[in-house]
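Chemist: sequence? don't have it. structure:
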């Protein structure tokens, strides 16, 4: 199957599951308060970091391993069960000290229950890697949709019954364990109590850098929210989490849809093919993400008010400050996929680790000044990291740095003309006026971008990708 087909299946599942999750967030935002989301986000910062050491990195290592034997899978599973058991005991002992640190007694009650989700993850890592290796993204899509639906129904039900912040915890537990059951059924993998130190070491050699990178990415997203909750209160942490989640929604859709097939294709390609896939993925992400970044900035107030309600309006300036994050992500994703697929991950690990540690240092000091400065430091460090990663990826696959200019030109023209068109018609203070202006900008952007692509011979692959004239083009991807 072609890269396009795998991407479509992956996109179908992720867009559907994210849409369901987004609907649940809209409903929960009106039933609960920013403080509730800030409290749960600070808990996820702790439990997620502990869980990453035995999940994400191992999954990618199993995907990359050339010859994956059953005994290897069993060995990794045994390690995960042992690790999560020890981690749960550790979190249980830390629940009281953390409740004192965050100055909230509920933390000591919520953390032990939320940490139970760790055991559900142990049954997902290996089946997920097996399905990805087989390129069975349809099954993964079914699982993602089912998990999101479970979270939607369970969390909203508990919220309506008056469980408050506990509804978020119960929803996560229900979705995690339902996902574990589906992964085992659809992958056909049956865990067994067999362990081989030799096979375990063969995966450990590949996984430890992925574990470090995954841990740094988790800290990069969740630690600023936890630190903000500590110094500015859980309400500020909830506002930051809402702004970041809204800004990351389109990037997560694209990342989760394109990452598995891109990572797999890059892993199996030589240097020439990697350059080709890199150019196509870079052009596609820029074409789709950049107008979303503009609309996020332009319609931030309307997005927050009409989607989440009046009690979230303080999120508006934070969302506007995060709009450049979308621009950077369109470049970051292809670079990350290309570098991660290589055998040498030292540079990627060093960049991500340095950026995360600097972010934590800045956030630790700036959170005591104000939330705006925390968001600015987040964006600035992401800019530095993306620039370094793009430079390294371009050098790695012999991709000229200047090549990004003709790729981005159609999007730039579309945004500029769309912006002045909105200025011409003015603003309408209603939800229908907002929808009309968004649709108008989208239509103008599409027309101008297609026209610019047709006039730009350097963006020929974009023309084929954008208007779906991909007959011979797609057949060359198999």
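Modeler: Nice, I can see it. Given the structure is predicted, the values throughout are model-derived calculations rather than measurements. Numbering: from 1, shown residues only.
Chemist: show the subsequent helix or strand relative to the strand or helix carrying residue 239.
Modeler: According to DSSP states H and E, residue 239 maps onto helix 234-267. Once the chain leaves helix 234-267, the next helix or strand it forms, by DSSP H and E, is helix 271-298.
Chemist: for that following helix, buried residues please.
Modeler: 274-287, 289-298 (16 or more other Cβ atoms under 10 Å). Glycine gets a C-beta too; all of them are placed from N, C-alpha and C.
Chemist: average pLDDT across that helix?
Modeler: Per-residue pLDDT values across helix 271-298 average out to 80.
Chemist: chain center to it: distance?
Modeler: The chain centroid and the centroid of helix 271-298 are separated by 16 Å, computed with Cα atoms, centre = their mean, to the nearest Å.
Chemist: which stretches of this structure have low pLDDT?
Modeler: 1-11, 52-57, 206, 253-273, 341-345, 426-428, 455-478 (pLDDT under 70).
Chemist: could you chop it up by domain?
Modeler: 3-399, 402-478 (automatic domain parsing).
Chemist: buried deepest among these, which one?
Modeler: Mean neighbour count (mean count of other Cβ atoms under 10 Å) peaks for domain 3-399 among these, with a mean of 19.
Chemist: give me the distance from it to the chain's centre.
Modeler: Distance, centroid of domain 3-399 to centroid of chain: 5 Å (Cα atoms, centre = their mean).
Chemist: go on, stretch 419-430?
Modeler: For stretch 419-430, the distance to the chain centre is 32 Å (Cα atoms, centre = their mean).
Chemist: got the end-to-end distance for it?
Modeler: 19 Å (Cα to Cα, to the nearest Å).
Chemist: show me what it is in contact with.
Modeler: 294, 298, 433, 434, 436, 437, 440, 441, 444 (Cβ atoms under 8 Å, 6 or more residues apart in numbering).
Chemist: 6 Å - rerun?
Modeler: 437, 441, 444 (Cβ atoms under 6 Å, 6 or more residues apart in numbering).
Chemist: pick the one among those residues closest to residue 140.
Modeler: residue 441 (33.2 Å; Cβ to Cβ).
Chemist: with adjacent residues omitted, what lies nearest to the closest one?
Modeler: Distances taken as Cβ to Cβ, 6 or more residues apart in numbering put residue 418 closest to residue 441, at 4.4 Å, once the chain neighbours are dropped.
Chemist: got it, and residue 157?
Modeler: Distances taken as Cβ to Cβ, 6+ apart place residue 167 nearest to residue 157, at 7.8 Å, with adjacent residues excluded.
Chemist: ditto for residue 364
Modeler: Nearest one to residue 364, counting by Cβ to Cβ, 6+ apart, is residue 227 at 5.9 Å.
Chemist: wait, doesn't the one you found sit right on residue 363?
Modeler: Yes - Residue 227 is within contact range of residue 363, at 5.1 Å (criterion: Cβ atoms under 6 Å).
Chemist: give the other helices and strands that the longest helix anywhere in the chain contacts.
Modeler: Counting by DSSP state H, the longest helix found in the chain is helix 197-232. If contacts are counted by 3 or more Cβ pairs under 6 Å, 6 or more residues apart in numbering; DSSP states H and E, helix 197-232 sits against helix 34-52, helix 56-64, helix 70-101, helix 234-267, helix 346-366.
Chemist: how about TSV for those, with distance to residue 398 added?
Modeler: Formatted as TSV, those follow (distance: least, Cβ to Cβ, whole Å):
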stretch	distance to residue 398
helix 34-52	33
helix 56-64	22
helix 70-101	34
helix 234-267	14
helix 346-366	16
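Chemist: ok, back up a step: any idea how far the residue nearest to residue 441 lies from residue 227?
Modeler: In this view, residue 418 and residue 227 are 37 Å apart by Cβ to Cβ, to the nearest Å.
Chemist: please apply the same query to residue 392.
Modeler: Residue 392 is 29 Å from residue 227, by Cβ to Cβ.
Chemist: with residue 76 instead?
Modeler: Taken as Cβ to Cβ, the span from residue 76 to residue 227 is 33 Å.
Chemist: circling back: between the contacts of stretch 419-430, which sits nearest residue 340?
Modeler: Nearest member of these to residue 340, counting by Cβ to Cβ, is residue 441, at 34.0 Å.
Chemist: cool, thanks, signing off.
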